[in-house]
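Peer 1: Only the shape, not the letters, is given here:
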C-alpha cells in the first residue's frame, strides 16, 4: 500500500521520489501478485540488506505509471504487447528483456455454477446475461480472451453481455462473488480461488500466453535490479513461480 500511494503521488505530481539504497522496485501484472510477493520474500532472505517493493495492476496501466515518472526498476508484463509499448516508449532496456513464464486463459464460473455453463457454447444460453473479462484496451487477459473468442466465433455473444474488469483480479472477484455468470481469467488466478470458482474450459488462444520481464530504463535504477531479474529466471525463481501454476515459456 505504501508503494501504491507513492506511485499515485509521483504520477500526479510528475516528480520521481528518491529511492532508498538496497530497494528494488518491481512493477508487475496483477496476475503475478501472489507469486511475486512470495518470490520477493525469498529473494530478500537470500540477499540480506535488499528490500523488494512490489506494485501490481493491469500491465498497460502499470506501464503508463512508469512512463509518467513513477519509480520502478523492473517491469513484468502479462503479454508481449504491453512490453512492446514499453520498448517503443524507451521505458525499458531492450537488451534485458526476456520471456520468463507461460500461462493459459480459462473460462470460470461461480463454484455453484447456477447457469450450468460447461463450455463456450453455453454462453449463448438466454439465461446467461453477465460475462466478465478484462478490458482489451488495457488488460492482457482481455486481449487474449477477445482473440480467442473471435477465433471460436463466440465474441459477439460475449460482447453483448460483457462486464469489463480493470485487471484480471477484478474479473476473478466478480466471478467469485457471483456477480457475473462467467468470466475469463488466467489459469493461475483461478487456482488461487479454486474453492470459490470453477474452471469449465481452457480457452485456446491464437497467441501463446507468455510473460516478458525487463529492466526499466531510468536514472537511479537500483543496481540490485539486474540481479533480481536474474533471480526470477533462475531455477530458484522458477520453482516459486511453478508453485503458483506458471509454466516455463
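Peer 2: Here it is on my side, so go on. Please read these numbers as outputs of a predicted model, since none were measured by experiment.
Peer 1: which element is residue 185 on?
Peer 2: Take DSSP states H and E as the rule and residue 185 turns out to sit in strand 182-186.
Peer 1: what pairs with that strand, and is each one parallel or antiparallel?
Peer 2: strand 105-110 (antiparallel), strand 131-134 (parallel) (DSSP bridges).
Peer 1: Go ahead and name everything in contact with it.
Peer 2: Strand 182-186 is contacted from outside by 31, 78, 103-109, 115, 117, 123, 128, 131-134, 141-142, 145, 163, 165, 168, 171-172, 174-175, 197, 200, 203, 209, using Cβ atoms under 8 Å, 6 or more residues apart in numbering. In this view, the C-beta of every residue, glycine as well, is placed from N, C-alpha and C.
Peer 1: cutoff 7 Å now
Peer 2: With Cβ atoms under 7 Å, 6 or more residues apart in numbering as the test, strand 182-186 has contacts from 31, 103-109, 117, 123, 128, 131-133, 141, 145, 168, 171-172, 174-175, 203.
Peer 1: again with stretch 124-134
Peer 2: So stretch 124-134 is contacted by 115, 117, 122-123, 141-142, 145, 157-158, 161-165, 167-168, 171, 174-175, 180-184 (Cβ under 7 Å, 6+ apart).
Peer 1: okay, now the domains of the chain?
Peer 2: The chain breaks down by automatic domain parsing into domains covering 2-102+209-243, 105-203.
Peer 1: phi, psi of residue 102?
Peer 2: phi -130, psi 150 (degrees, to the nearest 10).
Peer 1: any idea what sits nearest it, other than its immediate chain neighbours?
Peer 2: With Cβ to Cβ, 6 or more residues apart in numbering as the criterion, residue 102 has its nearest non-adjacent residue at 4.5 Å, and that residue is residue 247.
Peer 1: Test my guess that that neighbour contacts residue 100.
Peer 2: No. At 10.7 Å, residue 247 does not count as touching residue 100 under the criterion of Cβ atoms under 7 Å.
Peer 1: Point me to the residue sitting closest to the centre of this protein.
Peer 2: Against the mean C-alpha coordinate of the chain, by Cα atoms, centre = their mean, the closest residue is residue 29 at 3.0 Å.
Peer 1: which ones are touching that residue?
Peer 2: Contacts of residue 29 by Cβ under 7 Å, 6+ apart are 56, 59, 76, 77, 78, 140, 211.
Peer 1: cool, residue 245 as well?
Peer 2: Contacts of residue 245 by Cβ under 7 Å, 6+ apart are 187, 188, 191.
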